[in-house]
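S.K.: sequence plus the predicted model coming up.
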Amino acid sequence: MKQEYVLLRTENDLLNSLIGQSFNQRTKLEAYKILTEIHSKAQDRSIGKMALCYIVDKNEIKGVGGSTLLKDKRTKVIISNLILDQFGILLAGMFKGGTAIKSVVINDINNFASTLVVNSASLVNFNERNDITTLVQVGSGSTPPARTDFFVETIFGTAPEASAIATAIPVFNSGLGNFKVTGSINAGGAGTINESILRPNWQDSGSVFRSFTLFRDIISPAQSFIIGQSIALEYTIQL
C-alpha cells in the first residue's frame, strides 16, 4: 500500500520568534533547539536528520524554516526523519560481507541508475578528489517527501539558487553525537523555498562523478527571498 502523508506545517511556527535577530551562533543554536524539541515530541524519538533554512539580509534574520513533520494518514504515526531509499541502500551495502568488491546501485539526481563501490581493497570511490564535496540545494516544490525521491521537485529559474550550494567540511561532535553540513549563497532572484535536499558527489564504478540525493525535506514555514538576500541551509545528521 502506498503511504500518504499530511504535512504538519504549523508545527514549526515557533521559528518565527527569531525573525529580526542577528544571524549568529546563538540564534542558530536557538533555532536548532526549537526544531529539536518539536521533532522529539513525535513518536519516533530519533531525529535522524534535520534541515534548517535561514533567509538573512545584512546579517538580520528575515525568516527561518525547518523540516516539517509528516503524519501518516492510515496509522496516524508522526514521522520526523523520512530518509530516502538511496541512503538505506547505501548503508546496507557497507555491511556486505565477503572478499569481493562490494557495490550498490542507486539513482543520481538525473534518475540514472549508477553503481557505487562501497568497499574494496584497491578502489575507493567516496570523495576521491578534494574538489568534490557534499552539496545542499533548495527548491520550490511542495509535494511531501517520498522515499523514492531523487532530486528537488522544482528548480528555481534564477541563479545561483537554481544550483547546488557548496558546503563546509562537516566535523563529527562526539559529545552531541551529530555533525552538520552547512552552506550559503546570495540570491540572484526572488522566490519561495518549500524544499531542500542533501546531495553528495561520488565517483561511480565507471569513474564518472555523479550527485546522489540522500535526504529531501519540506521546509516549514516556507521561506521567501529576494535578490541580494542570503540563503543559508544547514543539515544536522544525528546519530
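M.R.: Sure thing, it's come through.
S.K.: can you give me the buried ones in stretch 151-158?
M.R.: The neighbour-count check on stretch 151-158 (16 or more other CB atoms under 10 Å) flags 151-153, 156 as buried. Backbone N, C-alpha and C define where each C-beta goes, glycine included.
S.K.: in its sheet, which strands sit next to the lengthiest strand in the chain, and in what direction?
M.R.: With secondary structure taken from DSSP state E, the chain has its longest strand at strand 191-203. Strand 191-203 has the following strand partners under DSSP bridges: strand 134-139 (antiparallel), strand 209-211 (antiparallel), strand 215-225 (antiparallel).
S.K.: per-residue confidence at Thr99?
M.R.: Looking at Thr99, its pLDDT is 66.
S.K.: next: Asp204.
M.R.: Per-residue confidence (pLDDT) for Asp204: 84.
S.K.: correct me, but it touches Ser211?
M.R.: No - applying CB atoms under 8 Å as the test, Asp204 and Ser211 come out as separate, 10.8 Å apart.
S.K.: what about Thr192, neighbour count?
M.R.: 13 (other CB atoms under 10 Å).
S.K.: so Ser163 sits in a helix?
M.R.: No - Ser163: not assigned to a helix; according to DSSP: H, G, I helix; E, B strand; the rest coil it is coil.
S.K.: quick one: the closest residue to it other than its chain neighbours from Ala162, how far?
M.R.: Spatial nearest neighbour of Ser163, chain neighbours left out: Gln137 (7.2 Å); criterion: CB to CB, 6 or more residues apart in numbering. Distance from Gln137 to Ala162, counting by CB to CB, to the nearest Å: 9 Å.
S.K.: got the contact list for the lengthiest helix in the chain?
M.R.: The longest helix of the chain (DSSP state H) is helix 25-40. Residues outside helix 25-40 that contact it (CB atoms under 8 Å, 6 or more residues apart in numbering): 11-12, 14-15, 17-18, 21, 47, 50, 52, 54, 61, 64, 66-67, 69, 80-81, 234, 236.
S.K.: overlap in contacts, Asp204 and Ser211.
M.R.: By CB under 8 Å, 6+ apart, no residue touches both Asp204 and Ser211.
S.K.: name the helix or strand of the chain that has the lowest mean pLDDT.
M.R.: strand 78-79 (a mean of 77; mean pLDDT, DSSP states H and E).
S.K.: what segments of this protein are helices?
M.R.: Under DSSP H, the chain gives helices at 25-40, 85-93.
S.K.: what residues sit buried inside the shortest one?
M.R.: When you say that, I think you mean helix 85-93. For helix 85-93, by 16+ other CB under 10 Å, it's 86-87, 90, 93.
S.K.: what average pLDDT does that helix get?
M.R.: Average pLDDT, helix 85-93: 90.
S.K.: what inclination does it have with respect to strand 191-203?
M.R.: Comparing the axes of helix 85-93 and strand 191-203 via axes from the mean of the first three to the mean of the last three CA atoms, to 10 degrees yields an angle of 30 degrees.
S.K.: give me the number of residues near Gly66?
M.R.: Using other CB under 10 Å, Gly66 has 29 neighbouring residues.
S.K.: what about stretch 213-232, distance to the chain center?
M.R.: How far stretch 213-232 lies from its chain's middle: 11 Å, per CA atoms, centre = their mean, to the nearest Å.
S.K.: may I see the buried residues of that stretch?
M.R.: If you call a residue buried by 16+ other CB under 10 Å, then stretch 213-232 has these buried ones: 213-223, 225, 229-232.
S.K.: closest to Leu116 out of those?
M.R.: Comparing these against Leu116 with CB to CB places Leu214 closest, at 12.0 Å.
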